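**Q** Compute the structure for the input listed below.
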Amino acid sequence: MPKAFLHPFAKPTRESFVRIVRGDGALLYTADGRELVDGMASLWYCAIGHGRKEMAESIAAQAGTLAAYSCFDPFTTDPAEELAELLREIGPMPDSRIFFTGSGSESIDTAMKLARIAHVQAGQGQRKLIISRLRGYHGTTYGGTSAQGIAPNRENFGPFVEEVVQVPADDVEALASLMAQRGDEVAAVIVEPVQGAGGIYPATEGYLESVRKLCDQHGAYLVFDEVITGFGRLGTWFAAHHYGVRPDLVTFAKAVTSGYLPLGGVFVGPAPTAALQSDPDFFLRHGFTYSGHATACAAGLTNLGIIRREGLVQRALHVGDRLSAGLRALADDGTIDHVRGLGAMWAAGLRADQNAMVLRDAMFEHGVVCRALNADSLLFCPPLVTTDEQVDRIVDAVATAAR
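**A** Down below sits the predicted model:
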């Protein structure tokens with residue numbers, strides 16, 4: 001009989017897994033005593049590193065006072081209110097409101113629903129169409145899967161949410177053509193400023209600015225999916241700051257708590273907020289049991305305090321520069337094919353004779369964790385506390401595995 005735990009993104013028939021039992025900073029330790037450099041911040045999220053006692057103490061203190069209580073009308077809690085205020089302060093739209101969820105997938109579904117209902121409240125109820133991009137990853141709930149641009153993640157899960165379509169990534173003309181045909185039907189365009197799980201592809205120069213103009217021209221909301229890029233990953237609090245483009249809604253999760261507890265949310269900018277508030281009798285019938293979960297919000301407050309105190313937003317550039325320089329040296333000597341990325345997110349593009357899964361497993365044997373994308377890329381997103389020596393270990397493991 002197989003084990004009880006059915007693992008996510010894994011073969012149901014797989015019987016053996018690497019058991020992680022402890023973490024310390026950017027290091028992981030397995031049940032058999034091996035030390036590993038975490039080259040992926042677990043799954044893009046552990047910005048402050050593993051094993052922070054300050055986080056454990058903060059979580060315990062809140063759980064011992066009020067672990068959680070519903071924030072449905074008429075209730076609220078101090079941690080939820082305080083975290084929302086802090087997020088508005090550091091976020092991409094300083095005059096936004098914050099809707100809390102439990103994950104990035106819930107955040108995407110929320111952004112899609114808020115975009116549609118806000119247009120209804122603004123007298124534009126015909127606006128239902130959601131446009132996303134090929135190669136984009138937007139979670140695995142039905143809304144997010146419908147917006148997915150990664151074909152294998154959609155296969156055999158249909159039918160999907162209606163009126164959700166994809167256009168080629170970074171193809172402004174394709175987006176402009178679709179919006180010219182159906183502009184008065186478009187509710188929102190969803191964009192990852194840097195496509196993460198799809199392979200770490202930063203938006204091409206001028207693309208996001210063009211999408212912003214198209215949304216303005218056709219009355220659609222621009223949604224940035226910053227579940228990965230938020231909270232310092234690009235050397236700015238959000239990718240919107242890096243690119244200088246102001247979205248209407250922004251999804252977040254992952255590094256808001258560095259994964260110490262599940263938490264996500266949506267920044268709701270002035271335009272959709274005004275629509276939602278236009279009728280004083282309108283009641284927003286959307287939310288989750290754990291929207292504004294008190295202990296998760298307390299974890300977010302402590303985590304963001306650590307990021308600020310230790311200057312980790314700025315440190316992301318140092319980590320990324322050192323990692324990218326090492327990978328580029330390997331590309332220059334032909335060990336790998338090319339390098340792409342931004343901030344502290346990088347991918348090693350492989351030669352045609354190399355296989356990413358094989359190299360990933362070989363790197364594990366050399367004490368480094370990374371993610372393999374298909375057969376052609378290795379992905380890296382190390383904790384922002386990763387030391388120079390640990391970054392060099394990542395690069396050395398790539399070199400050893402690839403030769």
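**Q** secondary structure element for the closest residue to residue 122 other than its chain neighbours?
**A** Spatial nearest neighbour of residue 122, chain neighbours left out: residue 275 (4.0 Å); criterion: CB to CB, 6 or more residues apart in numbering. All C-beta atoms are positioned from the backbone trio N, CA, C, and that covers glycine. Per DSSP states H and E, residue 275 falls inside helix 270-276.
**Q** Which of the residues in the next helix or strand after that helix are classified as buried?
**A** Downstream of helix 270-276, the first helix or strand assigned by DSSP H and E is helix 294-309. By neighbour count on 16 or more other CB atoms under 10 Å, the buried set for helix 294-309 is 294-304, 306-307.
**Q** The nearest residue to residue 245 once chain neighbours are set aside - how many residues pack around it?
**A** In space, and not counting its chain neighbours, residue 245 is closest to residue 208: 4.5 Å by CB to CB, 6+ apart. By the measure other CB atoms under 10 Å, the count of residues near residue 208 is 24.
**Q** Next, the distance between the ends of stretch 198-205.
**A** 19 Å (CA to CA, to the nearest Å).
**Q** List the residues that contact residue 124.
**A** Residue 124 sits next to residue 219 when contact means CB atoms under 8 Å, 6 or more residues apart in numbering.
**Q** Can you report phi and psi for it?
**A** Main-chain torsions, residue 124, degrees, to the nearest 10: phi -120, psi 50.
**Q** From residue 188, how far out is it?
**A** Applying CB to CB, to the nearest Å, the value for residue 124 to residue 188 is 12 Å.
**Q** thinking again about what came up before, how about the helix holding residue 275: buried residues?
**A** So for helix 270-276, counting by 16+ other CB under 10 Å, buried means 271-273, 275-276.
**Q** Now distance to residue 360 and pLDDT too, for the residues you listed, in a markdown table please.
**A** Listed next are these as a markdown table, based on distance: CB to CB, whole Å; pLDDT from 0 to 100:
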| residue | distance to residue 360 | pLDDT |
| --- | --- | --- |
| 271 | 43 | 98 |
| 272 | 41 | 98 |
| 273 | 43 | 98 |
| 275 | 46 | 98 |
| 276 | 44 | 98 |
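**Q** show me the contacts for the residue nearest to residue 122.
**A** 118-119, 121-122.
**Q** out of those, which one sits closest to residue 144?
**A** residue 118 (18.9 Å; CB to CB).
**Q** can you confirm the closest one is in a strand?
**A** No. Residue 118: not assigned to a strand; according to DSSP: H, G, I helix; E, B strand; the rest coil it is helix.
**Q** Report how many residues lie close to it.
**A** Using other CB under 10 Å: residue 118 sits among 26 other residues.
**Q** then the helix holding residue 275 to PDB, C-alphas only?
**A** Backbone C-alpha positions of helix 270-276 (Å, rounded to 0.1, in the frame of the first residue of the first chain) are rendered in PDB as follows:
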ATOM      1  CA  PRO A 270      -7.800  53.200  -6.600                       C
ATOM      2  CA  ALA A 271      -9.900  52.400  -9.700                       C
ATOM      3  CA  PRO A 272     -11.300  49.000  -8.600                       C
ATOM      4  CA  THR A 273     -11.600  50.300  -5.000                       C
ATOM      5  CA  ALA A 274     -13.700  53.200  -6.200                       C
ATOM      6  CA  ALA A 275     -16.000  50.900  -8.100                       C
ATOM      7  CA  LEU A 276     -16.400  48.600  -5.100                       C
END
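**Q** distance between it and the chain's centre?
**A** Centre-to-centre, helix 270-276 and its host chain are 24 Å apart (CA atoms, centre = their mean, to the nearest Å).
**Q** just to revisit the earlier point, how close does the residue nearest to residue 122 get to residue 269?
**A** 11 Å.
**Q** now the helices: where do they sit in the stretch 101-250 of the chain?
**A** 104-121, 142-147, 151-154, 172-182, 207-218, 239-243 (DSSP state H, counting those that start in this stretch).
**Q** tell me which element residue 28 is part of?
**A** Here residue 28 is assigned to strand 27-30, by DSSP H and E.
**Q** Surely residue 220 is in contact with residue 188?
**A** Yes. Judged on CB atoms under 8 Å, residue 220 makes contact with residue 188 at a distance of 5.8 Å.
**Q** Overlap in contacts, these two.
**A** Joint contacts of residue 220 and residue 188 (CB under 8 Å, 6+ apart) are residue 131.
**Q** For residue 392, list the residues it contacts.
**A** Residue 392 neighbours (CB under 8 Å, 6+ apart): 322, 326.
**Q** can you confirm it is in a helix?
**A** Yes. Assigned with three-state DSSP, residue 392 falls within a helix.
**Q** circling back to that earlier point, what residues sit buried inside the helix or strand just after the strand holding residue 28?
**A** Sequence order places strand 35-38 as the next helix or strand after strand 27-30, per DSSP H and E. For strand 35-38, the neighbour count (16+ other CB under 10 Å) marks 36-38 as buried.
**Q** show me where pLDDT drops low in this protein?
**A** Across the chain, nothing is flagged by pLDDT under 70.
**Q** what's the lengthiest helix in it packed up against?
**A** The longest helix of the chain (DSSP state H) is helix 312-332. Applying 3 or more CB pairs under 8 Å, 6 or more residues apart in numbering; DSSP states H and E, we find helix 312-332 packed against strand 338-342, strand 345-349, helix 388-402.
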